[in-house]
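Student: below: sequence and its predicted model.
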Amino acid sequence: MKNRVTPINAEIRLRDDHLLISKTDPKGRLTYCNREFIHISGYSEMELLGQQHNIVRHPDMPRGVFRLLWNTLSSGNEFFGYIKNMTKDGRFYWVMATVTPSYTSLGQLAGYASVRRKPRDGFAQTIEPLYAEMLEVERNHGAADAPDASIRLLEQRMAEMNTEYEPFILTI
Ligand SMILES: Cc1cc2nc3c(=O)[nH]c(=O)nc-3n(C[C@H](O)[C@H](O)[C@H](O)COP(=O)(O)O)c2cc1C
C-alpha cells in the first residue's frame, strides 16, 4: 500500500511502560499488532493486518536502516535499531526496536516480530545526525545504490568510533 500521509512536525512520546508489538509473515505483511501498537498508529486493526509494515514508515528514516534490518534478519539474526514511525495523521514517534525472526518446529521461517520500547533519553543527539548524514548520502546516489552507500557510511562511522553497529546501538 502506498503511504499517502503527509508528515507533520508533532511528536508522540512513548511512556516508559509502553510496549508496541507487531508480527509479520516472511514477506513483511502484518499478521498481528498489539493494542498499544494499533492505538498509537491511528489505524484500525483491520486497516493494518495484511498490509506491508511500511504502512508506518516515516520519510525521515534512511533506507539504509531498513536494508540493514532485512540483511540482518535474512542471516537469521536479531536486529536492534532506532526507528522513527509515522501515524495515520502524520505525527511521529521514536522507538527502540528489537526485530527477530521466528521459525516453525521444522526450522522453516514463520515470520518476524518486533518489540518496541521508548528510546533512552538523549538518544536523538547520536541518532538524528547519523540518520541525517545517511539520508544525505542516499540523496546523492541513484535509488539502486542508495541503501548500500548509506550502510557503507554507517560502517565507516562505526569504524571511526572503533565499534560496530550492534554494540553501538545497544550502548546508546
Ligand atoms: C517485524 C518487522 C517490523 C518492522 N517494523 C517497522 C517499523 O516499525 N517501521 C518501519 O518503517 N518499518 C518497519 N519494518 C520494515 C518494513 O518492512 C520496510 O522494510 C520499511 O518500512 C521500508 O519500507 P520501504 O522499503 O517500502 O520504504 C519492519 C519489518 C519487520 C519484518
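Tutor: Sure, I can see it.
Student: hang on, residue 43 is in a helix, isn't it?
Tutor: No - according to DSSP: H, G, I helix; E, B strand; the rest coil, residue 43 belongs to no helix; its state is coil.
Student: my read is that it contacts residue 49, right?
Tutor: No - using CB atoms under 8 Å, residue 43 makes no contact with residue 49, being 9.7 Å away. Just so you know, the C-beta spots here come from the backbone N, C-alpha and C atoms, and that holds for glycine as well.
Student: who has more neighbours, the two?
Tutor: Summary of the neighbour comparison: residue 43 and residue 49, criterion other CB atoms under 10 Å, with residue 43 having more neighbours (19 against 15).
Student: and the gap between that one and the ligand?
Tutor: Here residue 43 is placed at a distance of 13 Å from the ligand (CB to the nearest ligand atom, to the nearest Å).
Student: identify the residues contacting that residue.
Tutor: By CB atoms under 8 Å, 6 or more residues apart in numbering, the contact set of residue 43 is 55, 88.
Student: same thing but at 10 Å, please
Tutor: Under the criterion of CB atoms under 10 Å, 6 or more residues apart in numbering, the neighbours of residue 43 are 30, 33, 37, 49, 51, 55-56, 87-88.
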